[in-house]
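Visitor: With the input below, show me the fold.
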Amino acid sequence: MVHSLRILLVLLLIQQQSSFESTNCSSVDDGEWGMDFSMGDEGECNIEIRDVNSITYTEFIKEYAFTKPVILRGLTDNSNFRFLCSKSNLLKEFGEKTVRLSTANTHSYNKVDVQFDEFVKFLLTPQSEDALGSDTLYFFGDNNFTEWHSLFEEYNAPPYRLPHMSPAYSFGIAGPGTGVPFHWHGPGYSEVIYGRKRWFLYPPDQTPEFQPNHTTLSWVSLSYPNLELHQMPVECTIRPGEVLYFPDHWWHATLNLDTSVFISTFLG
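Guide: Predicted coordinates:
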């Protein structure tokens, strides 16, 4: 009888857990960003993963550059850049600088300028499932390249370039549950420096059903579970040391599972 009651209590505790769960990060180098409200569901991974030693530039161009996403491991060594992106280092170097935040909806019309240390202290919080994208401020892309140049010059960008295209960086920091809903643009790479980022992608000829002002978190909670097999996205969760490449015009949405520091290299 006592054993049965213990099992029942455990089941009840599991049912009461929210989508955010406390994570013991004592053995994880989180750059002081913390993982107290990490999301547990990484989903499946149906994107090919290639180690840099198992693929040549010629194979990358032939098999992936213009056709499908791929995750590349060991592509570059960004250990120094990772060190510079710790919370204490960024606050020391850029705390008094102004950063431009955009709304986390498909079109990101509204922009808000705040001091970087204010963003870290007050706005870097977990996403509420019922929040709209227009009410969510997201730090990604609108960077002052003059003030952040000292950081960007320490980043080793993915070496696989596309013919006649040049790279441009977009740096971001975001709380768990945040992300950008479905949109598309030119080809590029995404690398997570700290945390985990879940990606959902569709080819150019398969437009996903979504509301532009609804967050990725609400789409994952409400729409994703009801998708039929032919509607399922290409998806995977990337971690530090992994780089996701996506081709031109591919629809994609992101969901940060932890407080994440990340950088994208857009090719244009």
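Visitor: residue boundaries of the strands in the stretch 151-268 of the chain?
Guide: Counting by DSSP state E, counting those that start in this stretch, residue ranges of the strands within the stretch 151-268 of the chain are 167-174, 188-194, 197-202, 234-238, 242-246, 251-256, 260-267.
Visitor: Give me the contact list for the last one.
Guide: Which is strand 260-267. Residues from elsewhere that reach strand 260-267 (Cβ atoms under 8 Å, 6 or more residues apart in numbering): 31, 33, 85, 140, 155, 157-158, 161-162, 165-174, 176, 185-197, 256. For the C-beta atoms, the positions are set from N, CA and C on the backbone; glycine is no exception.
Visitor: related to what we said a few turns ago, any idea which of the strands of the stretch 151-268 of the chain is most buried?
Guide: Ranked by mean neighbour count, the strands of the stretch 151-268 of the chain are led by strand 251-256 with a mean of 25 (mean count of other Cβ atoms under 10 Å).
Visitor: Now do stretch 234-249: distance to the chain's middle.
Guide: Centroid separation for stretch 234-249 versus its chain: 9 Å, with Cα atoms, centre = their mean, to the nearest Å.
Visitor: ends of that stretch, how far apart?
Guide: 14 Å (Cα to Cα, to the nearest Å).
Visitor: go on, stretch 239-247?
Guide: One end of stretch 239-247 to the other measures 20 Å (Cα to Cα).
Visitor: Now it: average pLDDT?
Guide: Stretch 239-247 carries an average pLDDT of 96.
Visitor: let's number from 168 now, not from 1
Guide: Understood, numbering begins at 168; the last thing we discussed is stretch 406-414.
Visitor: Show residues contacting it.
Guide: Against stretch 406-414 from outside (Cβ under 8 Å, 6+ apart): 214, 216, 227, 231-243, 249, 325, 327, 354-363, 366, 368, 403, 405, 419.
Visitor: hang on, the earlier thing: reformat the strands of the stretch 318-435 of the chain as TSV; add distance to residue 289.
Guide: Conversion of the strands of the stretch 318-435 of the chain to TSV gives the following (distance: least, Cβ to Cβ, whole Å):
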stretch	distance to residue 289
strand 334-341	13
strand 355-361	20
strand 364-369	22
strand 401-405	28
strand 409-413	30
strand 418-423	18
strand 427-434	18
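Visitor: Which one, of those, ends up nearest to residue 388?
Guide: Counting by Cβ to Cβ, residue 388 lies closest to strand 418-423 out of the strands of the stretch 318-435 of the chain; the figure is 10.3 Å.
Visitor: which outside residues touch that closest one?
Guide: Taking Cβ under 8 Å, 6+ apart as the rule, strand 418-423 contacts 206, 341-351, 357, 362-371, 373-375, 377, 383-384, 386-387, 413, 429.
Visitor: change it to 6 Å
Guide: 341, 343, 345-349, 351, 364-369, 375, 383, 413 (Cβ atoms under 6 Å, 6 or more residues apart in numbering).
Visitor: May I have the beta-bridge partners of the residue nearest the centre of the chain?
Guide: When Cα atoms, centre = their mean is applied to the chain, the residue found nearest the centroid is residue 364 (3.6 Å). Applying DSSP bridges to residue 364 yields these beta-bridge partners: residue 405, residue 423.
Visitor: Contacts only, for it.
Guide: 405, 421, 423, 427, 429.
Visitor: Quick one, grab the pLDDT at the last one.
Guide: It refers to residue 429. Confidence at residue 429, expressed as pLDDT, is 96.
Visitor: So it versus residue 305, what's the distance?
Guide: 12 Å (Cβ to Cβ, to the nearest Å).
Visitor: One more: residue 231?
Guide: Distance from residue 231 to residue 305, by Cβ to Cβ: 28 Å.
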